[in-house]
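Visitor: Predicted structure and sequence below. I'll ask about it afterward.
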Amino acid sequence: MELEDRDGLTVAELIDILSHHPGDAIVEMSIVAPVKDGDDDITVDRYNVDGVMPWQDEGEDGDVVWLIGGEDADVDVFIDAIEQPDA
């Protein structure tokens with residue numbers, strides 16, 4: 001599948017990519033970031049994908065889907081905040 005020149009993948013593209021892997025393989029997110037701004041050194045953090053949720057930024061058109069993952073306690077706090085935004 002040829003990816004278009006744009007930010008991100010579509011759900012269909014992600015499904016296509018994942019379809020080339022065993023169905024029982026564990027899916028992880030790897031977050032790649034510089035150690036310090038302007039530095040060539042990088043760090044990679046790996047997290048399990050704990051959930052999926054639709055998201056829409058205010059004033060933006062189009063659908064976005066977030067893969068949710070991180071440290072267990074942080075994910076719990078995030079989910080609680082999303083489910084009860086006024087708490």
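Guide: Happy to help now that I have it. The model shown is predicted, which means the values in this text are computed figures rather than measured ones.

Visitor: Output the below-cut-off pLDDT ranges for the protein.
Guide: For the chain, applying pLDDT under 70 flags the ranges 1-6, 85-87.

Visitor: Mind doing that once more with 90?
Guide: Per-residue confidence for the chain (pLDDT under 90) gives these ranges: 1-10, 37-40, 50-51, 55-63, 79-87.

Visitor: For it, just list every one of the helices.
Guide: 11-18, 72-83 (DSSP state H).

Visitor: Show me what the first one is packed up against.
Guide: The elements that helix 11-18 packs onto, with contact taken as 3 or more CB pairs under 8 Å, 6 or more residues apart in numbering; DSSP states H and E, do not include any helix or strand. C-betas here are computed from N, CA, C, even on glycine.

Visitor: The longest one too?
Guide: For helix 72-83, the helices and strands in contact under the criterion 3+ CB pairs under 8 Å, 6+ apart are strand 51-55, strand 64-68.

Visitor: Check the ones you listed for me and report the most buried one.
Guide: Mean neighbours per residue, mean count of other CB atoms under 10 Å, is largest over the helices and strands packed on helix 72-83 for strand 64-68, with a mean of 14.

Visitor: what are the pairing partners of that strand, and which direction each?
Guide: strand 51-55 (antiparallel) (DSSP bridges).

Visitor: just to revisit the earlier point, so which of the helices and strands packed on helix 72-83 is nearest Glu13?
Guide: Closest to Glu13 of the helices and strands packed on helix 72-83 is strand 64-68 (CB to CB; 11.7 Å).
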